[in-house]
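Participant: Sharing a model that was predicted from the sequence below.
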Amino acid sequence: MKNRRVGLSKTAARNICLLLIVLSIGGCIYLGVLYNGDQGDKNDVEDEIAQKTPQMKILEEARAGTNLGELLEETTAELEAIEARIPDELDSTDVTEVLMELAEQAEVDIFPVAGRVGQASTTSIAGNAYYVVSFNLTPRGSYDQVMGFIELLESGEMENISLAYTTITDGGDSWSANLSGKFYSKVAEVAES
């Protein structure tokens, strides 16, 4: 038997080679697009994991080391400490004394105090009854003294004070402020129904 050659023309052979080259390049591009698409999904998942990592750490720490009984005891102790700083009873004389002490610390003049501190009334807030004593003062002094007095009122040492209105007036060497606020004291817990 003789070897027979299959005869292809040069043009047909060239066309077949070009077709194989184009298909190879197209296949590579297609695989590259698929790979990059998977990488994009992977990056999205990694970003999502990175965003949730802080929350996961908090949850893991809470599950691992936090004894809820201890946390409840700590929170209860903090609440009791705050409630201990709120007096059981309060009247206008108590409020006047506190305001005069703070004015002395800040070196401001708050006189006359008479008629500027109201009588105690009661109000209910979040299921608890409180005495409330309103005040309306005009402290006078240097800018630093007046601001110091306001800071003493708002400092947190007097957690039972709420300032409702404050204006400051420049009088040159003597500044003044118009202050309105309320002192609160705990009366008794309202019975739940």
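Facilitator: Good, I have the coordinates. Numbering: from 1, shown residues only.
Participant: So what's the gap between the longest strand anywhere in the chain and the chain middle?
Facilitator: Using DSSP state E, we find that the single longest strand of the chain is strand 175-189. Mean-position distance between strand 175-189 and its chain equals 25 Å (Cα atoms, centre = their mean, to the nearest Å).
Participant: ok, and for that strand, which residues are buried?
Facilitator: 175-177, 179, 181-187 (16 or more other Cβ atoms under 10 Å). Any C-beta I mention is one placed from the backbone N, CA and C, and that applies to glycine too.
Participant: those helices in the protein, which residues are they?
Facilitator: 10-65, 68-85, 92-106, 143-154 (DSSP state H).
Participant: a markdown table for those helices, including distance to V117 and mean neighbour count?
Facilitator: Shown next, in a markdown table, are the helices of the chain (distance: least, Cβ to Cβ, whole Å; neighbours: other Cβ atoms under 10 Å):
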| stretch | distance to V117 | mean neighbour count |
| --- | --- | --- |
| helix 10-65 | 47 | 10 |
| helix 68-85 | 20 | 10 |
| helix 92-106 | 5 | 17 |
| helix 143-154 | 14 | 18 |
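Participant: Would you map out the domains in the chain?
Facilitator: The chain breaks down into these domains under automatic domain parsing: 10-66, 88-189.
Participant: now these in TSV, with mean pLDDT and distance to E80?
Facilitator: Listed next are the domains of the chain as TSV, based on pLDDT from 0 to 100; distance: least, Cβ to Cβ, whole Å:
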stretch	mean pLDDT	distance to E80
domain 10-66	75	21
domain 88-189	81	12
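Participant: can I get those domains in CSV with distance to L79?
Facilitator: Formatted as CSV, the domains of the chain follow (distance: least, Cβ to Cβ, whole Å):
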stretch, distance to L79
domain 10-66, 18
domain 88-189, 12
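Participant: Alright, that wraps it up for me.
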